[in-house]
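> pasted the sequence and its predicted model underneath.
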Amino acid sequence: MIIKRVFCLLISLCLVFASSSCSNKNEIKLSGPVTASTSARVTTATPITTAMPTTTAVPTTTQTPAPKYAPAIYIGSNVMFNKPDIIEKIKANDMYFYKFSYASDSEKVIGFFVRPIDCIGKLPIIIYNRGGNRSYGENTYEYILSLGFYFARKGYIFAATQYRGVDGGTGIEQFGGDDLDDVFNLLKIVKGLLYADTNNIFMIGQSRGGMETYEACRNNTEINAAVIDSGPSDLFDTYSSRELAMKEVLKFLIGGTPDELPEEYTKRSAVKWANEIDVPLYILHSTGDPRVNYSQAVNMCNELEKYNKDYVFQSFDDSDHCHEIRTEEIINWLEKYKK
């Protein structure tokens with residue numbers, strides 16, 4: 001098992017350094033309403049760097065070195081368990097990778113965590129929300145290692161959840177219902193780390209995870225900024241436009257159709273309450289996305305514009321669903337919102 005994990009780790013590291021910018025990329029910084037035919041202001045994309053980040057200089061004798069914190073993982077007494085149950089820990093070069101279970105409501109949920117071995121001072125936090133539903137689209141070692149190592153080398157603590165009922169966890173998710181607690185309870189764990197900078201919390205969500213991220217940002221002043229990649233903002237539209245199999249998934253997980261449970265679909269549709277989001281957003285979406293209509297991103301941006309919210313919309317002239325998020329553009333944008 002360890003040999004297999006190390007092999008996966010080596011593959012993931014190769015993926016990190018082999019990453020390249022997506023092509024056909026248009027960045028639209030909106031100053032007015034958007035339509036599906038809005039012309040984009042094309043900017044030259046900054047390529048993803050493959051160089052190792054510059055190491056922190058050793059303090060001089062006249063400086064007080066920032067403390068190095070031990071790799072303790074724990075959560076407060078207000079959560080069911082005193083600490084998460086570490087399932088696996090991998091040390092690779094300058095990084096630690098953890099897989100662990102943690103309490104969320106009355107359920108056991110699986111989470112992941114990546115950090116530099118030497119945490120000098122306090123590090124900002126990135127919470128990653130995956131797409132898919134149940135075991136479909138669950139986080140793999142390869143993907144989490146690839147994402148985690150990239151962001152950890154940029155100076156962040158990186159954490160992700162599988163949502164309840166997946167990968168050995170208990171319960172069953174509700175596609176943006178009680179499983180939203182799995183995101184917040186993961187955040188509680190990370191905030192409990194001695195080396196976590198709780199003044200700098202960021203969130204990234206892809207596909208369904210984008211919907212969860214919208215929900216997490218609703219009436220939330222704790223999150224500095226968030227990235228939404230191909231995320232649904234209108235679950236009424238998603239239900240009406242998707243194939244029968246996906247309709248059945250939504251009916252099963254949410255408990256009914258939009259006609260039967262309009263309040264539940266509204267709760268998962270950020271376009272209905274965009275005025276309640278004060279977190280700066282970086283939205284990415286493809287014009288030909290086959291799973292989440294491009295019009296959802298356009299309509300969401302128009303709502304954000306109407307309420308004078310802080311956001312950036314980046315469109316892709318292709319049919320991809322989800323994009324490369326290990327980019328200098330995203331890192332530079334997140335850095336702007338550090339306190």
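Sure, I can see it.
> show me the strands in this protein, by range?
When assigned using DSSP state E, the strands of the chain occupy the ranges 25-28, 85-92, 95-104, 107-116, 123-129, 157-161, 196-206, 225-229, 281-286, 311-316.
> could you export those as a markdown table, including distance to Leu253?
(C-beta placed from N, C-alpha, C; glycine too.) Converted to a markdown table, the strands of the chain look like this (distance: least, CB to CB, whole Å):
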| stretch | distance to Leu253 |
| --- | --- |
| strand 25-28 | 33 |
| strand 85-92 | 26 |
| strand 95-104 | 16 |
| strand 107-116 | 15 |
| strand 123-129 | 16 |
| strand 157-161 | 16 |
| strand 196-206 | 17 |
| strand 225-229 | 20 |
| strand 281-286 | 23 |
| strand 311-316 | 28 |
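> just give me the lowest mean pLDDT stretch among the ones you listed.
The stretch with the lowest mean pLDDT among the strands of the chain is strand 25-28, which comes in at a mean of 42.
> among the strands of the chain, which comes closest to Thr213?
Ranking the strands of the chain by distance to Thr213, with CB to CB as the measure, places strand 196-206 first at 3.2 Å.
> where does the stretch 201-339 of the chain dip in pLDDT?
The model of the stretch 201-339 of the chain has no residue with pLDDT under 70.
> ok, the closest residue to His285 other than its chain neighbours to Ile254 distance?
Once flanking residues are discounted, His285 sits nearest to Ala297: 3.7 Å by CB to CB, 6 or more residues apart in numbering. Separation of Ala297 from Ile254 (CB to CB, to the nearest Å): 22 Å.
> comparing those two, which shows the higher neighbour count?
Ala297 (29 against 21; other CB atoms under 10 Å).
> show me the contacts for that one.
With CB atoms under 8 Å, 6 or more residues apart in numbering as the criterion, the residues that contact Ala297 are 233, 283, 285, 313, 315.
> over to Gly168?
Gly168 makes contact with 101, 108, 110 under the criterion CB under 8 Å, 6+ apart.
> helices of the stretch 201-339 of the chain, start to end?
Along the stretch 201-339 of the chain, the stretches classed as helices by DSSP state H, counting those that start in this stretch are 208-217, 235-241, 244-254, 262-267, 294-306, 328-335.
> and among the ones you listed, the most buried is which?
Here the criterion is mean neighbour count by mean count of other CB atoms under 10 Å, and of the helices of the stretch 201-339 of the chain the winner is helix 208-217, at a mean of 27.
> can I get that helix in CSV, CA atoms only?
Listed in CSV are the C-alpha atoms of helix 208-217, where the atom choice follows Å, rounded to 0.1, in the frame of the first residue of the first chain:
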residue,chain,number,x,y,z
ARG,A,208,-21.1,20.9,-7.8
GLY,A,209,-18.4,22.1,-5.4
GLY,A,210,-18.9,25.5,-6.9
MET,A,211,-22.5,25.4,-5.8
GLU,A,212,-21.4,24.4,-2.3
THR,A,213,-18.9,27.3,-2.4
TYR,A,214,-21.7,29.8,-3.3
GLU,A,215,-23.7,28.4,-0.4
ALA,A,216,-20.7,28.7,2.0
CYS,A,217,-20.3,32.4,0.9
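> one step back: which among the contacts of Gly168 gets closest to Ile204?
Distances from these to Ile204 were compared by CB to CB; the smallest belongs to Ile110, at 18.5 Å.
> isn't the closest one up against Asp167?
Yes. The pair Ile110 and Asp167 qualifies as a contact (CB atoms under 8 Å) at a distance of 4.5 Å.
> neighbour-wise, which of these two wins?
In this comparison of Ile110 against Asp167, neighbours counted by other CB under 10 Å, the higher total goes to Ile110 at 25 against 17.
> can you pull the contacts of the more buried one?
If you count contacts by CB under 8 Å, 6+ apart, then Ile110 has 87, 99-101, 161-162, 166-169 around it.
> cool, Leu284 as well?
Per CB under 8 Å, 6+ apart, neighbours of Leu284: 227-230, 314-316, 323, 325.
> ok, now Lys339?
With contacts defined as CB under 8 Å, 6+ apart, the neighbours of Lys339 are 199-200, 224.
> do the same with Phe184
Under the criterion of CB under 8 Å, 6+ apart, the neighbours of Phe184 are Ala216.
> now it: how far from Tyr102?
11 Å.
> next one: Asp197
Remark: distance between Asp197 and Tyr102 (CB to CB) = 20 Å.
> okay, these two: which has more neighbours?
A count of neighbours by other CB under 10 Å puts Tyr102 above the other of Asp197 and Tyr102, at 25 against 18.
> distance of the more buried one relative to Ile87?
Distance from Tyr102 to Ile87, counting by CB to CB: 11 Å.
> with Ala216 instead?
For Ala216, the distance to Ile87 under the criterion CB to CB works out to 25 Å.
> same check on Ser240?
The span separating Ser240 from Ile87 equals 40 Å under the rule CB to CB.
> ok, now Asp229?
Applying CB to CB to Asp229 and Ile87 gives a distance of 27 Å.
> neighbour-wise, which of those two wins?
Regarding Asp229 and Ile87, a neighbour count based on other CB under 10 Å identifies Asp229 as having more, with 24 against 14.
> isn't the more buried one right next to Ile325, touching?
Yes. With contacts defined as CB under 8 Å, Asp229 counts as touching Ile325 at a distance of 5.9 Å.
> any shared contact partners between those two?
Counting by CB under 8 Å, 6+ apart, the shared contacts of Asp229 and Ile325 are 204, 206, 284.
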